[in-house]
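> got a predicted model here, sequence first, then my questions.
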Amino acid sequence: MGESTTGQVSDAAARVYDAVYLPALFQQWCPRVVASAEISAGQEVIDVACGTGALALAASEAVGADGFVAGVDNNTGMLAVAATKSATVEWYHAGAESLPFEQDRFDRALCQFGLMYFKDRVGAIGEMMRVLRPDGRLVLVVWDELAHNPGLAAEEYLWQQVFDEEIDEAPYSLGNKSILEQLLRQAGISDFRIETHTGTARYDSIRSWIHTGAAGWTDDDALDADELELLLDTAERELAHFRTARGHVEFSTSAHIVTA
Ligand SMILES: C[S@@+](CC[C@H](N)C(=O)[O-])C[C@H]1O[C@@H](n2cnc3c(N)ncnc32)[C@H](O)[C@@H]1O
């Protein structure tokens with residue numbers, strides 16, 4: 001499942017990401033990021049690795065009609081979904097490592113669950129700092145370590161158990177706070193705060209949870225029908241303890257919010 005290592009998904013997967021993954025896992029972090037960024041009316045904000053645009057939209061509401069929000073992502077499938085949601089936000093197809101803006105342009109630079117996937121993380125943080133005004137604020141969100149994300153870990157172990165694959169550590173690769181701090185310092189940031197927050201993942205059922213992981217993030221074509229059935233059947237058995245009394249799935253998640 002190499003796709004999840006680079007954070008890239010197919011067009012079909014981008015739609016599944018938006019319909020299921022976003023409400024289950026990611027959307028809930030947007031108000032926290034907007035609050036941590038202290039975004040106010042009239043400001044100019046950039047959302048780097050905007051995906052299908054949830055955070056950019058939340059920022060757009062906060063800046064109002066006099067503000068400006070740019071959403072940047074290097075995946076056209078994600079941007080195509082984002083574009084259907086807002087004509088006010090401007091969407092840009094670009095890599096985080098080379099942002100198509102002049103320096104000192106923005107009041108706020110945001111990046112929610114994207115930094116872990118960048119090939120050049122130091123360069124990407126440098127780019128966010130370059131386009132930020134000197135009095136601007138940077139807010140980054142990354143997953144905490146797998147050890148503090150039991151539901152996400154169980155999903156990873158399931159793939160390992162069924163397909164004998166190595167655990168995909170990429171999404172959690174900045175979960176260790178020392179590594180995160182070292183990265184920020186390498187990027188020239190010394191004045192920062194890291195706060196760890198808890199969220200709740202919610203899916204309709206074990207099958208929809210695991211199916212979303214297979215179709216909403218990794219490549220749709222990666223599993224054939226038999227493999228998918230095997231994965232889902234094993235999940236029903238092995239992950240039953242995440243099922244609520246109503247048959248839904250709920251588990252806590254943990255992520256770091258960096259403000260600088
Ligand atoms: C987990 S999604 C998060 C999307 C969005 N921020 C959210 O919270 O829903 C990660 C996003 O990072 C994007 N991405 C990965 N590498 C990138 C890069 N080098 N430059 C820009 N975007 C990148 C992917 O295309 C994907 O949309």
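Here it is on my side, so go on.
> for the stretch 101-250 of the chain, which residues are neighbours of the ligand?
Within the stretch 101-250 of the chain, the positions lying close to the ligand (C-beta under 6 Å from any ligand atom) are Gln112, Phe113, Gly114, Tyr117, Phe118. All C-beta spots, glycine's among them, are computed from the backbone N, C-alpha and C.
> buried members of those into PyMOL, please.
In PyMOL, this line selects whichever of these come out buried by 16 or more other C-beta atoms under 10 Å:
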select buried, resi 112+113+114+117+118
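> mind putting the residues of the stretch 101-250 of the chain next to the ligand into CSV with pLDDT, distance to Val139 and secondary structure?
Putting those into CSV (pLDDT from 0 to 100; distance: C-beta to C-beta, whole Å; DSSP: H, G, I helix; E, B strand; the rest coil) gives the following:
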residue, pLDDT, distance to Val139, secondary structure
Gln112, 98, 8, strand
Phe113, 98, 12, coil
Gly114, 97, 12, coil
Tyr117, 95, 17, helix
Phe118, 96, 16, coil
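> out of the residues of the stretch 101-250 of the chain next to the ligand, the closest to Arg237 would be?
Using C-beta to C-beta, Phe113 comes nearest to Arg237 of those, at 29.4 Å.
> where along the stretch 151-260 of the chain do the strands fall?
Secondary structure of the stretch 151-260 of the chain, counting by DSSP state E, counting those that start in this stretch: strands at 193-203, 249-259.
> coming back round to it: just flag the most distant two among the residues of the stretch 101-250 of the chain next to the ligand.
Top of the distance list for those (C-beta to C-beta): Gln112 and Phe118, 13.1 Å.
> low-confidence regions, the protein specifically.
1-11, 215-221 (pLDDT under 70).
> in it, which residue sits closest to the ligand?
Distance from the ligand to each residue of the chain (C-beta to the nearest ligand atom) is smallest for Gly51, at 2.5 Å.
> so how far is Tyr117 from the nearest residue in space to that residue that is not next to it in sequence?
Of all residues not flanking Gly51 in the chain, Met78 sits nearest, at 4.8 Å (C-beta to C-beta, 6 or more residues apart in numbering). Taking C-beta to C-beta, to the nearest Å as the measure, Met78 falls 12 Å from Tyr117.
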